[in-house]
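Chemist: model this:
(one chain, ligands or ions: 2)
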Amino acid sequence: MRVCVIGTGYVGLVTGVCLAHIGHQVICVDNNEEKVKLMRAGQSPIYEPGLSELMVANMDSDRLLFTTDLGKGVRESEILFIAVGTPALEDGSSDTRYVEAVARSIGEHLDEKYRVIVNKSTVPIGSGDWVRMIVTEGNEAHQQQTGQAIAVNFDVVSNPEFLREGSAVYDTFNPDRIVLGGNNPQALALMRELYTPLIERRVGENPDLPPVPVVMTDLSSAEMIKYAANAFLATKISFINEVANICDRVGADVSQVAQGIGLDSRIGSKFLNAGIGWGGSCFPKDVSALIHTAKDYGYTTSILNAVVEVNQVQRLIVVEKLQQELKILKGKVIGLLGLTFKPDTDDMRDAPALNIIQQLNRLGAKVKAYDPIVSQSGVSHGLSGVQIESTPAMLADQCDALILVTEWQEFLKLDFPALASRMHQAVIIDGRNFLDKAKLQQSGFRYLGVGRS
Ligand SMILES: NC(=O)C1=CN([C@@H]2O[C@H](COP(=O)(O)OP(=O)(O)OC[C@H]3O[C@@H](n4cnc5c(N)ncnc54)[C@H](O)[C@@H]3O)[C@@H](O)[C@H]2O)C=CC1
Ligand SMILES: O=C(O)[C@H]1O[C@H](OP(=O)(O)OP(=O)(O)OC[C@H]2O[C@@H](n3ccc(=O)[nH]c3=O)[C@H](O)[C@@H]2O)[C@H](O)[C@@H](O)[C@@H]1O
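Modeler: Ligands and ions are numbered 1, 2, ... in the order given. The predicted structure is shown next:
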């Protein structure tokens, strides 16, 4: 099938590359010329394991091309994905201006051929009908300008995305479910056909499993599924963090508690890692957007408000622990192991590290950091108040304490005795309960985790 994906970020690029890989003809459109130039040269503008190789292979097979020309993408495709960003506005609501701009441009380029316009971006409930309206407006404006009368024929489908950064390619090929929301069976049937190789597990790593469940809903329910899924996962993390804070006080170990409750199949063991809380480009903005939507309808989201509040406190829990340990932070040198909001990504959007750096600076500490991706990239990522070091050893030099912020696998293999010997004081706060406490203690570190002290 002929597909156009508009927006080549974490979602759009992965979607475009993976759809090409399962045999579709894909045009990826982005209005950022630099990005398009980079992708045409076979380079991925984002760090995502396995993505570059897959991208180049599908470009070489002529199934994937990149352009800034949205008109070309619309004219030459039957399915048009909108995959642009929907960041949070000041008031917590979703900024849909990029979706609006794309929907209007699609409208300007539509002809009589039938198209399915797919909302892949996470958009507020009700956006399906709104996109239909904007596309129609764009088309009418174009008709007025050109004097041409075109009978456009399209449907809008909501197809929320559930991939995680750092395992985006794996998640796309091995989805837990595919959600398709829409009013017209013809559009939903086309979408199901598009995803057939994934549904039948022809490309995933578990070919023997039953087909991937496809959840067919109305537009609003599909949009709500996306918000409810992210809000539930954020709730699960805030819940275990609250339990961790109680564990700290009563002397229990949250890792053992998580194991004990996670084995109950009604609870499940995933997303029970306590630490410095959730961040990234989606949980914070999506939980805020859902709270905002509820507010628009006069409803107060007591649970979700608490989920956010717990997370705000949790981000700074490592600084509190440092204060208890070192007493005064003014004039101290603190080293952060990791900066990104999770491992295997270069994404710094709403990373807890940003709050930790700010708070440490406010308390008069000097902050250094080493991150496997950020340290190598040479890009500032908008960071300030932190000195980026190029090796863990350089990070440890003269430090009064280390804080593990991101659980990169390579941190498990660090030479901790060597690091301890370079530090003023060998204190480590494990913000992700990731390191081997006994090994750290043997290496001469005073070790403090979250909920397992
Ligand atoms: N990042 C993630 O892991 C996930 C994101 N989502 C949702 O997917 C959507 C996209 O998110 P990301 O991929 O992270 O965003 P992103 O910010 O990484 O990428 C958006 C891309 O859209 C391009 N763009 C903006 N306006 C455009 C226009 N008028 N024409 C063409 N291209 C345009 C930008 O240049 C950029 O390359 C958001 O709604 C997000 O909530 C959903 C699931 C996972
Ligand atoms: O809508 C989105 O953008 C995506 O948001 C999350 O994916 P992502 O943000 O990439 O990463 P996660 O692995 O979910 O982690 C999110 C945050 O929660 C934190 N986390 C996660 C799990 C856990 O047990 N504890 C915990 O603190 C991570 O450190 C990270 O800061 C969801 O997992 C995806 O399903 C969804 O598509």
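Chemist: for Gly85, what are phi and psi?
Modeler: Backbone torsions for Gly85, taken as degrees, to the nearest 10, come to phi -70, psi 150.
Chemist: what about the spatially closest residue to it that is not a sequence neighbour, how many residues close to it?
Modeler: Excluding its sequence neighbours, the residue lying closest to Gly85 (C-beta to C-beta, 6 or more residues apart in numbering) is Tyr98, at 5.6 Å. Quick note: C-beta positions are derived from backbone N, CA and C, even for glycine. Neighbour count of Tyr98, defined by other C-beta atoms under 10 Å: 18.
Chemist: how close does Tyr98 sit to Ser105?
Modeler: 11 Å (C-beta to C-beta, to the nearest Å).
Chemist: what's the separation between Phe173 and Gly7?
Modeler: Applying C-beta to C-beta to Phe173 and Gly7 gives a distance of 20 Å.
Chemist: what's the answer for Pro343, then?
Modeler: For Pro343 relative to Gly7 (C-beta to C-beta), the value is 25 Å.
Chemist: among those two, which residue is more densely surrounded?
Modeler: Gly7 (25 against 19).
Chemist: coming back round to it: could you point out the helix or strand that follows whichever strand or helix holds the residue nearest to Gly85?
Modeler: Assigned by DSSP states H and E, Tyr98 belongs to helix 97-109. For helix 97-109, the following helix or strand on the C-terminal side (DSSP H and E) is strand 114-119.
Chemist: just the buried positions in that next one, please.
Modeler: Arg115, Val116, Ile117, Val118, Asn119 (16 or more other C-beta atoms under 10 Å).
Chemist: got the residues you listed as a markdown table, with distance to Leu383 and pLDDT columns?
Modeler: Output for the buried residues of strand 114-119, formatted as a markdown table (distance: C-beta to C-beta, whole Å; pLDDT from 0 to 100):
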| residue | distance to Leu383 | pLDDT |
| --- | --- | --- |
| Arg115 | 42 | 98 |
| Val116 | 41 | 98 |
| Ile117 | 37 | 98 |
| Val118 | 35 | 98 |
| Asn119 | 33 | 98 |
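Chemist: which residues in this structure form strands?
Modeler: For the chain, applying DSSP state E gives strands covering 2-6, 25-29, 64-67, 79-82, 114-119, 153-158, 178-181, 214-217, 333-337, 366-370, 387-388, 401-404, 427-430, 446-448.
Chemist: any chance of those in TSV, with distance to Tyr195 too?
Modeler: Shown next, in TSV, are those (distance: least, C-beta to C-beta, whole Å):
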stretch	distance to Tyr195
strand 2-6	11
strand 25-29	14
strand 64-67	17
strand 79-82	11
strand 114-119	11
strand 153-158	12
strand 178-181	6
strand 214-217	7
strand 333-337	39
strand 366-370	41
strand 387-388	41
strand 401-404	39
strand 427-430	40
strand 446-448	46
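Chemist: want to throw these into JSON lines with distance to ligand 1?
Modeler: Listed next are those as JSON lines, based on distance: least, C-beta to the nearest ligand atom, whole Å:
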{"stretch": "strand 2-6", "distance to ligand 1": "5"}
{"stretch": "strand 25-29", "distance to ligand 1": "5"}
{"stretch": "strand 64-67", "distance to ligand 1": "10"}
{"stretch": "strand 79-82", "distance to ligand 1": "9"}
{"stretch": "strand 114-119", "distance to ligand 1": "9"}
{"stretch": "strand 153-158", "distance to ligand 1": "12"}
{"stretch": "strand 178-181", "distance to ligand 1": "12"}
{"stretch": "strand 214-217", "distance to ligand 1": "16"}
{"stretch": "strand 333-337", "distance to ligand 1": "23"}
{"stretch": "strand 366-370", "distance to ligand 1": "23"}
{"stretch": "strand 387-388", "distance to ligand 1": "22"}
{"stretch": "strand 401-404", "distance to ligand 1": "23"}
{"stretch": "strand 427-430", "distance to ligand 1": "25"}
{"stretch": "strand 446-448", "distance to ligand 1": "31"}
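Chemist: of those, which is nearest Glu320?
Modeler: With C-beta to C-beta, the closest approach to Glu320 among the strands of the chain belongs to strand 427-430: 9.6 Å.
Chemist: ok now do Gly364, which residues does it touch?
Modeler: Leu329, Lys330, Gly331, Lys332 (C-beta atoms under 8 Å, 6 or more residues apart in numbering).
Chemist: try 7 Å
Modeler: Gly364 makes contacts with Leu329, Lys330, Gly331, as judged by C-beta atoms under 7 Å, 6 or more residues apart in numbering.
Chemist: measure the residue nearest to Gly181 when sequence neighbours are not counted to ligand 1 for me?
Modeler: Nearest residue to Gly181, sequence neighbours excluded (C-beta to C-beta, 6+ apart): Ala222, at 2.4 Å. When C-beta to the nearest ligand atom, to the nearest Å is applied, the distance between Ala222 and ligand 1 equals 13 Å.
Chemist: my guess is Ala222 meets Asn183, correct?
Modeler: No: counting by C-beta atoms under 7 Å, Ala222 stays clear of Asn183, with 11.0 Å between them.
Chemist: neighbour count: those two, which is higher?
Modeler: Neighbour count, other C-beta under 10 Å: between Ala222 and Asn183, Ala222 has more, with 22 against 14.
Chemist: give the contact list for that one.
Modeler: Ser158, Pro160, Val179, Leu180, Gly181 are the contacts of Ala222 under C-beta under 7 Å, 6+ apart.
Chemist: how does it look with 8 Å?
Modeler: Here Ala222 is in contact with Gly128, Ser158, Asn159, Pro160, Val179, Leu180, Gly181, Gly182, Val215 (C-beta under 8 Å, 6+ apart).
Chemist: count the residues that sit near the closest residue to Val169 other than its chain neighbours.
Modeler: The shortest distance from Val169 to any non-neighbouring residue, by C-beta to C-beta, 6+ apart, is to Gly50 (4.4 Å). Residues lying near Gly50 (other C-beta under 10 Å) number 15.
Chemist: same deal with Asn32?
Modeler: 14.
Chemist: swap in the one 10 residues further on?
Modeler: The local packing of Gly42 (other C-beta under 10 Å) involves 13 other residues.
Chemist: for Leu64, see how far away it is.
Modeler: From Gly42 to Leu64 the distance is 11 Å (C-beta to C-beta).
Chemist: before we move on, what about Val3?
Modeler: Distance of Val3 to Leu64, computed by C-beta to C-beta: 10 Å.
Chemist: then Ala396?
Modeler: For Ala396, the distance to Leu64 - C-beta to C-beta - is 44 Å.
Chemist: give me the residue from the stretch 151-300 of the chain nearest ligand 1.
Modeler: Of all residues in the stretch 151-300 of the chain, Glu161 sits closest to ligand 1, at 3.9 Å by C-beta to the nearest ligand atom.
Chemist: also the stretch 301-450 of the chain?
Modeler: Closest point on the stretch 301-450 of the chain to ligand 1, by C-beta to the nearest ligand atom, is Asp347, at 7.2 Å.
Chemist: which pLDDT value belongs to Ser377?
Modeler: As predicted, Ser377 sits at a pLDDT of 83.
Chemist: and Ser453, by the same measure?
Modeler: On the pLDDT scale, Ser453 gets 68.
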